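Visitor: Would you be able to build a 3D model of this:
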Amino acid sequence: MQAIDHVFLTHSHLDHIAALPLMLDAISSRRSSPVQVHALPATIAALQAHVFNDVIWPDFSRIPSDAAPFLQYQALVEGQMLEVAGICLEVLPACHSVPAVGYALQGTAGWWVFSGDTGCNPAFWQRINQLPMAILVIETAFSNRESALAERAQHLAPQTLALELAQLNPARSFPIYITHTKPSETELIMEEIRQFDASTPNGLAAPHDIRWLRAGDVLDV
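Guide: Numbering: from 1, shown residues only. The predicted model follows:
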């Protein structure tokens, strides 16, 4: 953990920031420079108001001193391009219940893209079709039987994932990794994805190379 200099957050929900306060507590006193936390202004504001507020957790952006804190915030905007540690990144659009983004990283074999938490997102696919893709990691949090809840929470279910993937250029081929599945529904979600990808609904060009992103998998950027 001491080797982590930059953290990129997609949004402010607990399951996407939960490890950050504990990580900072564990390693900050052993570092000579602050950890840089990159996020949307709204995400930074949420962290300041609800987490690093000296009530829930210490304000690491002000300790041990304002001049030399353990944490520094770096505000991002959608569409921004930046280079960090020699890697080119782009901030991608996401449509979620709170302000959110995804990320694209330029690797040696193409762009590695993470959707973040998102529902229907035409702007995301428009940009994906412009990039020489290597890997896509995309969330599918709910099964089809909970598709109404997925829509309300602005997450994907297999039937909405099918509609989203239908926006891909059919000439493109690259691995698509499914993440953020509810643990009790992972097998059902993946089976529903296999079923739609075999039946080519909505003009979908199947089959895609769709895989479940398992704990312990290593993706080379």
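Visitor: now the helices: where do they sit in this structure?
Guide: 14-17, 19-27, 41-50, 122-128, 147-153, 158-165, 186-199 (DSSP state H).
Visitor: buried ones in the first one?
Guide: It refers to helix 14-17. 16-17 (16 or more other Cβ atoms under 10 Å). To be clear about C-beta, it is placed using only N, CA and C from the backbone, and glycine gets the same treatment.
Visitor: before we move on, back to that, I'd like the helices of the chain as CSV, with distance to Asp66 and mean pLDDT appended.
Guide: Formatted as CSV, these follow (distance: least, Cβ to Cβ, whole Å; pLDDT from 0 to 100):
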stretch, distance to Asp66, mean pLDDT
helix 14-17, 23, 95
helix 19-27, 16, 94
helix 41-50, 14, 98
helix 122-128, 38, 97
helix 147-153, 38, 95
helix 158-165, 44, 94
helix 186-199, 45, 90
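Visitor: Comparing those, which comes out most buried?
Guide: The highest average neighbour count among the helices of the chain, using mean count of other Cβ atoms under 10 Å, belongs to helix 158-165 at a mean of 20.
Visitor: now that one and helix 186-199, what's the angle there?
Guide: Helix 158-165 runs at 50 degrees relative to helix 186-199, counting by axes from the mean of the first three to the mean of the last three Cα atoms, to 10 degrees.
Visitor: Nearest to Ala100, out of the helices of the chain?
Guide: Closest approach to Ala100 among the helices of the chain (Cβ to Cβ): helix 41-50, 8.0 Å.
Visitor: now that closest one and helix 19-27, what's the angle there?
Guide: Using the same axes, to 10 degrees: helix 41-50 against helix 19-27 is 60 degrees.
Visitor: send the alpha carbons of helix 41-50 over as CSV?
Guide: C-alpha atoms of helix 41-50 as CSV (Å, rounded to 0.1, in the frame of the first residue of the first chain):
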residue,chain,number,x,y,z
PRO,A,41,-15.5,18.0,-7.3
ALA,A,42,-18.8,16.6,-6.0
THR,A,43,-17.0,13.4,-4.9
ILE,A,44,-14.4,15.4,-3.1
ALA,A,45,-17.1,17.5,-1.4
ALA,A,46,-18.8,14.3,-0.2
LEU,A,47,-15.5,13.0,1.3
GLN,A,48,-14.9,16.2,3.0
ALA,A,49,-18.4,16.5,4.4
HIS,A,50,-19.1,12.9,5.4
